[in-house]
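Undergrad: coordinates only, no sequence provided:
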């Protein structure tokens, strides 16, 4: 199993890579010139701001290969900002258009301390392969200031409560995204990644 | 959200040590072994501080982080002697998730801004070594030896504005004394800052950990001696807190 991690120059990708390697997958960091056909599944990670990430994706000519991948039906997992980038826009960077795979925007927390840093629960809203085999009540590690607000109810797979109940897992067909960091969420996080590798 | 319980490993020459008021250090164990143990016990994060902070010890620290990040999957923070974006990049590429900056940020506050711009605020922990001086607290540098004269609270708020994602608040007066966290200082900073605050220095009993959460209002708690000398496990700390109604993982 070969997993590619999209490198658009902003994130720390080591942690994601190490988690996949621990699970027995081969994990390649993919820059713009790299061959996307050589991997079976793709991770879109992300730290930093929405606008900066989109600019970097465009500047490193990753927009086209990413959109081609998404259109091809092969599995993609967005992590943290990588989930937010799947939506159309964000309060963080007004005027910047996201990948727009899902309809909706990203909003800043107003209810509690920002960023939300720490462990929180994820409650499944509908049948969800990423959480398969888990009893519920598991904790996942979050570190973010913005959250996604999907327009289409059917993409909401799980929710989290941080003063506001928001979407922490979104997905449809081959595309999934998690707001938490599965690579940093201990056993529950590794299980999520394993589920993702097994299910698509 | 839960309160995070974070073991802190002060590393000197590749070994975990623990001092009192930043001095009189004694040996406490192997960093990789301890990190794995704390992960099994339910640590919510792990902090590594290179207390010698020389060019040579940085390499040792990088090696420790490389090894730990291959088998421990909770957030790892590394600090001690990080002076530039390049230094931070080095620890992040070894497998750290966050960088704690202390002295260098006081000399060059723009480092916080630069680091936040490059890696994101979630990567930048502003570590403040505070000591009561008259009626307020001053930020100290060089391992607690030098008073900068900068007010610790003002510095925390400025660090937040510059883009720090968290504040690691160490009380020099309490460090390793086991007399309890500096609740007054913690509460003061928590009240004014809008980013999470990690209380550090002084844990000698479970009651004191509880007090740092309920009175100090800390978002996370750093623990060293209490765990290193095997008095309590992280699981013990958490079940104590859970019984008292604190939400923990």
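TA: Happy to help now that I have it. Given the structure is predicted, the values throughout are model-derived calculations rather than measurements.

Undergrad: who touches the longest strand seen in chain A?
TA: If you go by DSSP state E, chain A has its longest strand at strand A:165-172. For strand A:165-172, contacts defined as C-beta atoms under 8 Å, 6 or more residues apart in numbering or on different chains pick out A:83, A:86, A:102, A:120, A:122, A:128, A:130-131, A:140, A:142, A:147-150, A:154-160, A:176-180. Where C-beta positions appear, they are placed from N, C-alpha and C, glycine not excepted.

Undergrad: overlap between those residues and the residues near chain B?
TA: Near chain B, judged by C-beta under 8 Å from any C-beta of the partner chain, the entries from these are residue A:120.

Undergrad: which ones among the contacts of strand A:165-172 lie within strands?
TA: A:120, A:140, A:142, A:147-150, A:156-160, A:176-178.

Undergrad: what's the closest of those to chain B?
TA: Nearest to chain B among the ones in strands among the contacts of strand A:165-172: residue A:120, at 5.2 Å, using C-beta to the nearest C-beta.

Undergrad: is it correct that that closest one is in contact with residue B:2?
TA: Yes - when contacts are counted by C-beta atoms under 8 Å, residue A:120 is listed as touching residue B:2 (7.3 Å).

Undergrad: and residue 122, backbone torsions?
TA: Let's take chain A. phi -130, psi 120 (degrees, to the nearest 10).

Undergrad: oops, chain B please
TA: Dihedral angles of residue B:122 (phi, psi; degrees, to the nearest 10) stand at phi -60, psi -10.

Undergrad: how about the lowest-mean-pLDDT helix or strand in chain B: buried residues?
TA: Comparing every helix and strand of chain B by mean pLDDT, DSSP states H and E singles out strand B:23-29 as the least confident one, with a mean of 79. Of the residues in strand B:23-29, those scored as buried under the neighbour-count criterion (16 or more other C-beta atoms under 10 Å in any protein chain shown) are B:25, B:28, B:29.

Undergrad: can you mark which positions in the next helix or strand after that strand are buried?
TA: Toward the C-terminal end, the helix or strand that comes next after strand B:23-29 (DSSP states H and E) is helix B:31-41. Within helix B:31-41, the residues that qualify as buried are B:31, B:32, B:34, B:35, B:36, B:37, B:38, B:39, B:41, counting by 16+ other C-beta under 10 Å.

Undergrad: mind listing what's buried in stretch B:163-170?
TA: Going by neighbour count (16+ other C-beta under 10 Å), the buried part of stretch B:163-170 is B:163, B:164, B:165, B:166, B:167, B:168, B:169, B:170.

Undergrad: how about residue 83, nearest residue that isn't a chain neighbour?
TA: You didn't pick a chain, so chain A it is. The spatial neighbour of residue A:83 that comes closest, neighbours along the chain excluded (C-beta to C-beta, 6 or more residues apart in numbering or on different chains), is residue A:177 at 3.1 Å.

Undergrad: not quite, I wanted chain B
TA: Closest residue to residue B:83 in three dimensions, ignoring its sequence neighbours and counting by C-beta to C-beta, 6+ apart: residue B:104, at 4.2 Å.

Undergrad: now the strands: where do they sit in the chain?
TA: Answering for chain A, as no chain was given. For chain A, the strands identified by DSSP E occupy A:2-6, A:26-30, A:41-44, A:76-79, A:104-108, A:116-121, A:123-124, A:139-144, A:146-150, A:156-161, A:165-172, A:175-178, in order along the chain.

Undergrad: switch to chain B, please.
TA: Ranges of strands in chain B, per DSSP E, are B:4-12, B:15-20, B:23-29, B:46-50, B:76-79, B:98-101, B:124-133, B:136-141, B:146-151, B:166-171, B:197-200, B:220-223.

Undergrad: and the fifth one, what does it pack onto?
TA: By that I understand strand B:76-79. Of the remaining helices and strands, those touching strand B:76-79 by 3 or more C-beta pairs under 8 Å, 6 or more residues apart in numbering or on different chains; DSSP states H and E are strand B:46-50, helix B:55-71, strand B:98-101, strand B:124-133.

Undergrad: mind listing what's buried along the longest one?
TA: Neighbour-count burial for helix B:55-71 flags B:57, B:58, B:60, B:61, B:62, B:64, B:65, B:66, B:67, B:68, B:69 (criterion: 16+ other C-beta under 10 Å).

Undergrad: so the residue nearest to residue B:227 when sequence neighbours are not counted bridges to which residues?
TA: By the measure of C-beta to C-beta, 6+ apart, the closest residue to residue B:227 outside its immediate chain neighbours is residue B:7, 5.3 Å from it. With beta bridges defined as DSSP bridges, residue B:7 has these partners: residue B:223.
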